[in-house]
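1. Give me a model of this one.
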Amino acid sequence: MKLMGAEILCEVLTRLGVREIFGYPGGAILPVYDALGKSKLHHVLVRHEQGATHMADGYARASGGIGVAMATSGPGATNMVTGIATAMLDSSPVVSITGQVSSKVLGSDAFQEIDITGITMPITKHNVVVSRAEDIARTIREAFVIAKSGRPGPVLVDITKDAQQTSAEFDWEASRPKLPPKRIRNNHDPAEFDRAVDLLNTAKRPLVLAGHGITVSGAIGAFEQFIRAGNYPVAMTLLGIGCLPAKDPLNLGMMGMHGEAWVNNAIQEADLLIAVGMRFDDRVTGDLRTYARNARKIHIEIDRAEINKNVKVDVALVGDAREVLEHLTPHIETRDHTAWIRHINELKGDSAVRDIQTLPDTGHLYAAHVINDLWKETHGEAIVVTDVGQHQMWEAQYYHHNRPRTLITSGGLGTMGFALPAGIGAKFAKPDSEVWVVVGDGGFQMTMSELATIVQEKINLKVAVINNGYLGMVRQWQEFFYDKRYVATPLVAPDFVALA
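-> Numbers count the residues shown, from 1 in each chain. Predicted coordinates for the structure are as follows:
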């Protein structure tokens, strides 16, 4: 059948299972918006295009599917850049669709023309300009495959206005993706695999470093079987939280700069680190010259580029985390690491006694109390979407997540303003779940215009503003490293209750 390019786009998205599109209209994308009105797709009108990408990101992280964002050309497209970069650094599958000026004026600096594919090349897994209606269907279908396969990431499809307005034959079968054959990865070269098994079965002080890749690959079950087989204690990255229940005795908690001291000490004392779906980020390792110098290291990672990039490892098993763990587990000889785990518990010392949660109630309200009370009141069952800053770390420490995809936060880019729009996306993905946005008063003000989107869509989203009157994390660094020169960190905030 013959359809306009804009209609083809809507039809393809519908067949791909898309329900919601988060976007903001403009001249170069108006043909698509005209077609949207005749489709089954639900368009969520955001208040800023950055919000659209964060909503799509939150949707993807909560659902395990793909989030879709849309904007017009020029400033509409450039406003999406921060959200696309956020998705890129956290391996989140987002497809951003932008309008572009007509192909006949491309390169002429036409009104609202910008080279958005050039701008986003470093922060997308793939991007492409479509200038013919007949190419829209296949390009969108390929975008979805690329966004979700391998190490997930954002894809941008830029569609010229004339491609949206021109008619073309639409044939679903004929528009099947024509991607290069998937590269076959040998997950366990015999020598490497045997070396990994030997290290696993001879280690006396092993420790697993659990990252975001465990959840992304759907490896939750395989991961639990793996650690049970070896009786391995587990340390979490920020984005790894939830891949093993917080209540599990083998779960030590979060590692790194803002993690628990005893967890970092245990890493330094380990004789074997098994890194699964994590990339040895600097916030995890600290000074590489002194990081776990006495430990052998096994790295299970789908992206070959991450192997030996930051930390040199002894064994690299390149492949999907679930598949690699499923191959490894049958070869593990049960080991008794009780003494090692007892020693790690001893490393805690009196940390639990000194914890802010145990302080007597003097009427002073601490942010940690708020987070912990939120955990109690929701019975630990809520999806919590945080912004970036001190409250983010308090949430990681005092809200105890027992299920995957219940902590949604910006890790790699550290994007202030992420939480509120990402929370909206998460609520659309999981409408029957209780969703809480935990945000600082600084980050909240960056995207608080999306409160209007919540009202317009009539969604039940709960927001906790941790209001300390400062850019807290920045102020903390000024205290430690800049001789308490508090430039620009005191924050004059609006009346949040009146705003709500």
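
2. is it true that residue 42 touches residue 23?
-> No. The criterion here is Cβ atoms under 8 Å, and residue 42 misses it with residue 23 at 11.0 Å. For the C-beta atoms, the positions are set from N, CA and C on the backbone; glycine is no exception.

3. Of these two, which one has the most company?
-> Ranked by neighbour count (other Cβ atoms under 10 Å), residue 42 and residue 23 place residue 23 first, with 30 against 13.

4. The more buried one: what's it in contact with?
-> 29, 43, 44, 45, 46, 49, 52, 69, 70, 71, 97 (Cβ atoms under 8 Å, 6 or more residues apart in numbering).

5. Swap in 7 Å and give it another go.
-> With contact taken as Cβ atoms under 7 Å, 6 or more residues apart in numbering, residue 23 is in contact with 43, 46, 52, 69, 70, 71.

6. and which of these is nearest to residue 336?
-> Using Cβ to Cβ, residue 69 is the member of the contacts of residue 23 that lies nearest residue 336, at 50.6 Å.

7. Please, which helix or strand holds the closest one?
-> Using DSSP states H and E, residue 69 falls within strand 67-71.

8. CA atoms only: put that strand into PDB for me.
-> Provided in PDB are the C-alpha atoms of strand 67-71 (Å, rounded to 0.1, in the frame of the first residue of the first chain):
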ATOM      1  CA  GLY A  67      12.200   4.200  24.600                       C
ATOM      2  CA  VAL A  68      11.300   6.600  21.700                       C
ATOM      3  CA  ALA A  69      11.800  10.400  21.700                       C
ATOM      4  CA  MET A  70      11.000  12.900  19.000                       C
ATOM      5  CA  ALA A  71      11.800  16.500  18.200                       C
END
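
9. Please enumerate the strands of the stretch 301-450 of the chain.
-> 315-318, 383-386, 407-408, 435-440 (DSSP state E, counting those that start in this stretch).

10. so for the strand or helix carrying residue 274, what's the average pLDDT?
-> Using DSSP H and E, residue 274 maps to strand 272-276. Here strand 272-276 scores 98 as its mean pLDDT.

11. which helices and strands sit right next to that strand?
-> strand 206-210, strand 296-301 (3 or more Cβ pairs under 7 Å, 6 or more residues apart in numbering; DSSP states H and E).

12. Out of those strands, which is the most enclosed?
-> Comparing the helices and strands packed on strand 272-276 by mean neighbour count (mean count of other Cβ atoms under 10 Å), strand 206-210 ranks first with a mean of 28.

13. Within the sheet, what are the partner strands of that one, with directions?
-> Partners of strand 206-210 in the sheet, by DSSP bridges, are strand 234-236 (parallel), strand 272-276 (parallel).

14. ok, and what's touching the shortest one?
-> So that's strand 234-236. Under Cβ under 7 Å, 6+ apart, the answer for strand 234-236 is 207-210, 227, 244, 250-255, 263, 267.

15. Those in helices, which ones?
-> Among the contacts of strand 234-236, the members found in helices (DSSP state H) are 227, 263, 267.
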